[in-house]
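*Asks:* Sequence below, structure please.
(2 chains)
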Protein chains: 2
Amino acid sequence: MIDCDVHNTWGSVDELRPYIAPAFREWFDQGEVPGSRPAFPAAHRPWLHPEDFKRADADPPDGGNAGSDYGLMRRQLLDRYGIEHAVLTGDQPIEVSTLANPYYAQALASAYNDYLVDVWLPRDARLKGSLVVAPQDPEGAAREIRRLGGHPDIVQVLVSTGSQRPYGDPFYHPIWDACAEVRLPFAAHLGGNAGVNATPTGCGPPTFFWEAHALLCETGMGHLASVIAHGVFEKWPSARFVLIECGIAWVPALLWRLDEDYRALRKETPWLQRLPSEYAHDHVRLSTQPLEQPRDRRAMWPALADIGAQDMLMFASDYPHWDFDDPTFLRLPKDWRAPVMDTNARELYGLPARAPGEAVTGGSAA
Amino acid sequence: MIDCDVHNTWGSVDELRPYIAPAFREWFDQGEVPGSRPAFPAAHRPWLHPEDFKRADADPPDGGNAGSDYGLMRRQLLDRYGIEHAVLTGDQPIEVSTLANPYYAQALASAYNDYLVDVWLPRDARLKGSLVVAPQDPEGAAREIRRLGGHPDIVQVLVSTGSQRPYGDPFYHPIWDACAEVRLPFAAHLGGNAGVNATPTGCGPPTFFWEAHALLCETGMGHLASVIAHGVFEKWPSARFVLIECGIAWVPALLWRLDEDYRALRKETPWLQRLPSEYAHDHVRLSTQPLEQPRDRRAMWPALADIGAQDMLMFASDYPHWDFDDPTFLRLPKDWRAPVMDTNARELYGLPARAPGEAVTGGSAA
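*Replies:* Model (predicted):
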């Protein structure tokens, strides 16, 4: 089994101090004014979680942030469920996308990346890393991708779904160009819905956290449409786009709509050679968490089968966050277990093949 | 058969001149400066349709706008398909929501409403009217609803899905209050995605018309979540919310997400007594057009059945617009034909019962 969304973090933000660029160190040390110290800087979210973003049982016994205790992560996740590879996605770092100062945002992302490579990746061969970049500075992000993207345990470039524009926009093409050069997928994880980023959902901001959280799949919808419409997959045929934590049940409806509208009005985008759903099938991957729960659990799969989602979905737990998906409770159509729990991520991230005869763990028949 | 989205309009905007409030008449006559004259004022859309918003065959032979020729509407739609009732939704009037001046916007809406009552509704007993209001002026909208909402052939209050805030927001409660008083559903039709309204989709504006059009279901998603979360259906138990032209295939995914998040975090909205999907089933109705087209046409219905959509959907053609849905091509699950083509709209709009033994027309088995 491969888990495509595991949030690692520091016990105290002071652990990042050695990695922050000297020019920004005094600012990092002083913290936000006014504001708390020590903390990783990010714009404040407009929607406050009424409980906690973390699982209550994931706080390290010795203090520090949930996701900072490797031993606990091993016991609660890696060993417990027999996870062969876990793709670390950090925790607060993707929120650098919310900061107005793109240079400081990129310096913070770089500090996290060096910390990831120094501290986390050597801990366990099962851990794979995501290189966080600040997308509001596409040229700086491209430099960071070229600086560290060749590391053997870095498997993707990561940003928040919160953004200033949808990610197919030419503004972001330097990032796509660098990803193609180092042959890494470009991944967007739910988050960054604050600060300089556009309102993540349409028609003005929702009011409540639960309302907003349900609607945040709209961030994935916009990026998915954009990367297809702008021809990212024609310009960079090796490009792969990964949506993490945006859910999956909305994807068929969107692809049906895109196909229909593209068929009628394709002259707007003459560079496209295929239907939107065909690009999505070959170039887009989605993590399963939070997996939608119909009343009848069989109700969700016919639509997903219609777009070939068995080739697009990848299991993710979202450990140690509040809406963690336990792989032993995950119900999938029988034929989907191996691709979704294992093979799709293995292929996307270039992980070694399963040993002959080795069973896929996790998930059960829907 | 009942058609819930038929766009009537004027041949020339000069036909509205007698209905515009005297104080605004000189401005109406002069038109936009700089700009074209005569035209119905609205903010310009950022996405330009690369073909035309109208069916090519719907232009009246004697000139004027598509949808302005009642004889043609009768031949091309009402008589041809045996439509028993057609709910007129106007054409440009909902775009008054895009104007910065709420008083002029409301005056334009009122002029259209008087024209509708004077000119269109007496033409044919099959025609039912939608009362257009300017939602950026909720108190003015409420006055307009109380002024004309009692007309026997007015069946709903109508705004654009493009808006400044989602429609559950307390800002709009005067509109809900007036709707409850005159016992009319509150309907939002796709449009108004310009001017003072918020960007209709998340994460910044999409680029192309076809991309934006596919994503515009996000406007429906935001309003649907908002009217449920803010407790509109607890505060006004008779309230009904109608989404027109937002599509339907995305609805199950959103309701599953809302139910899940509400279950976990309901303390944010203690006024709610039921699951979001339960409120939606009893209080929300959706027009079918543009009906999404899976590769396998059976793929869409299991998810919709899971939320009880056979009680929520209502047929609409969108005549005379470019993406018109022909009722003879519409495939529905066998048991869904009568409710979707007829009964759901009949109940919502308080239309007389079908004569005993009278068959439902339109639609065929999926």
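*Asks:* pLDDT weak spots in the stretch 1-150 of chain A?
*Replies:* A:32-37 (pLDDT under 70).
*Asks:* tell me which parts of it are close to chain B?
*Replies:* Residues of the stretch 1-150 of chain A lying near chain B by CB under 8 Å from any CB of the partner chain: A:His49, A:Pro50, A:Glu51. Every C-beta, even on glycine, is put in place using the N, C-alpha and C of the backbone.
*Asks:* if you skip the residues just before and after it, what's nearest to A:Glu135?
*Replies:* Quick fix: residue A:135 reads Pro, not Glu. Sequence neighbours aside, A:Val159 is the residue nearest to A:Pro135 in space, at 4.5 Å (criterion: CB to CB, 6 or more residues apart in numbering or on different chains).
*Asks:* got the contact list for that neighbour?
*Replies:* A:94, A:97, A:132-135, A:141, A:167, A:175, A:186-189, A:192 (CB atoms under 8 Å, 6 or more residues apart in numbering or on different chains).
*Asks:* From these, pick the one nearest chain B.
*Replies:* For the contacts of A:Val159, the closest approach to chain B (CB to the nearest CB) belongs to A:Tyr167, at 8.3 Å.
*Asks:* Go ahead and confirm that closest one touches A:Ile228.
*Replies:* No - in this structure, A:Tyr167 is not within contact of A:Ile228 by CB atoms under 8 Å, at 10.8 Å.
*Asks:* Which one's more surrounded, those two?
*Replies:* A:Ile228 (28 against 25; other CB atoms under 10 Å in any protein chain shown).
*Asks:* mind checking how far the more buried one is from A:Gly247?
*Replies:* 18 Å (CB to CB, to the nearest Å).
*Asks:* and stretch A:293-303, anywhere near chain B?
*Replies:* Yes - looking at stretch A:293-303 against chain B by CB under 8 Å from any CB, the contacts come from A:Gln293, A:Pro294, A:Arg295, A:Asp296, A:Arg298, A:Ala299, A:Met300, A:Trp301, A:Pro302, A:Ala303.
*Asks:* Let me know the secondary structure of the fifth one.
*Replies:* In this case it means A:Arg298. coil (DSSP: H, G, I helix; E, B strand; the rest coil).
*Asks:* So what does it have for phi and psi?
*Replies:* The phi and psi values for A:Arg298, taken as degrees, to the nearest 10, are phi -80, psi -10.
*Asks:* quick one: pLDDT of it?
*Replies:* You'll see A:Arg298 listed with a pLDDT of 94.
*Asks:* so how many other residues sit close to it?
*Replies:* Residues near A:Arg298, counting by other CB under 10 Å: 12.
*Asks:* Same question for the second one.
*Replies:* Counted with other CB under 10 Å, the burial measure for A:Pro294 works out to 21 neighbours.
*Asks:* my read: it touches B:Trp256, true?
*Replies:* Yes - between A:Pro294 and B:Trp256 there is a contact under CB under 8 Å: 5.7 Å.
*Asks:* re earlier: from the contacts of A:Val159, which single one is nearest B:Arg263?
*Replies:* For B:Arg263, the nearest member of the contacts of A:Val159 is A:His189. The distance, counting by CB to CB, is 23.5 Å.
*Asks:* so how far is A:Tyr172 from the closest residue to that closest one other than its chain neighbours?
*Replies:* Using CB to CB, 6+ apart and skipping residues adjacent in sequence, the residue nearest A:His189 is A:Ile244, 4.1 Å away. Distance from A:Ile244 to A:Tyr172, counting by CB to CB: 17 Å.
*Asks:* Ok, A:Arg25 next?
*Replies:* From A:Arg25 to A:Tyr172 the distance is 29 Å (CB to CB).
*Asks:* Specify which residue of the two has the higher count of neighbours.
*Replies:* Shown here are A:Arg25 and A:Tyr172; by other CB under 10 Å, A:Tyr172 has more neighbours (26 against 15).
*Asks:* Quick check, pLDDT for the more buried one.
*Replies:* Residue-level pLDDT assigned to A:Tyr172 equals 98.
*Asks:* Quick check: it touching A:Val157?
*Replies:* No - the criterion here is CB under 8 Å, and A:Tyr172 misses it with A:Val157 at 11.1 Å.
*Asks:* Tell me where chain A has strands.
*Replies:* Assignment of strands within chain A using DSSP state E yields the ranges A:2-6, A:85-88, A:127-132, A:154-160, A:186-189, A:241-244, A:284-287, A:313-314, A:331-332, A:364-365.
*Asks:* With distance to B:Arg147 as added columns, please give the ones you listed in TSV.
*Replies:* What follows is the strands of chain A, written out as TSV (distance: least, CB to CB, whole Å):
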stretch	distance to B:Arg147
strand A:2-6	54
strand A:85-88	60
strand A:127-132	57
strand A:154-160	48
strand A:186-189	49
strand A:241-244	48
strand A:284-287	50
strand A:313-314	53
strand A:331-332	54
strand A:364-365	60
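*Asks:* I'd like to know how many residues surround the nearest residue to A:Asp5 once chain neighbours are set aside.
*Replies:* Residue nearest to A:Asp5 in three dimensions, not counting chain neighbours: A:Ala316, with 3.4 Å by CB to CB, 6+ apart. Residues lying near A:Ala316 (other CB under 10 Å) number 27.
*Asks:* Tell me the spacing between A:Ala316 and A:Ser287.
*Replies:* For A:Ala316 relative to A:Ser287 (CB to CB), the value is 4 Å.
*Asks:* Over to A:Gly204?
*Replies:* 28 Å.
*Asks:* more neighbours, the two?
*Replies:* A:Ser287 (30 against 20).
*Asks:* Could you pull up the residues touching that one?
*Replies:* A:Cys4, A:Asp5, A:Val242, A:Leu243, A:Ile244, A:Glu245, A:Cys246, A:Leu313, A:Met314, A:Phe315, A:Ala316.
*Asks:* Now that we have the residues you listed, which of them are buried?
*Replies:* A:Cys4, A:Asp5, A:Val242, A:Leu243, A:Ile244, A:Glu245, A:Cys246, A:Leu313, A:Met314, A:Phe315, A:Ala316 (16 or more other CB atoms under 10 Å in any protein chain shown).
*Asks:* for stretch A:359-366, what is the average pLDDT?
*Replies:* For stretch A:359-366, the per-residue pLDDT averages 76.
*Asks:* For it, buried residues please.
*Replies:* In stretch A:359-366, counting by 16+ other CB under 10 Å, buried: A:Val360, A:Gly362, A:Gly363.
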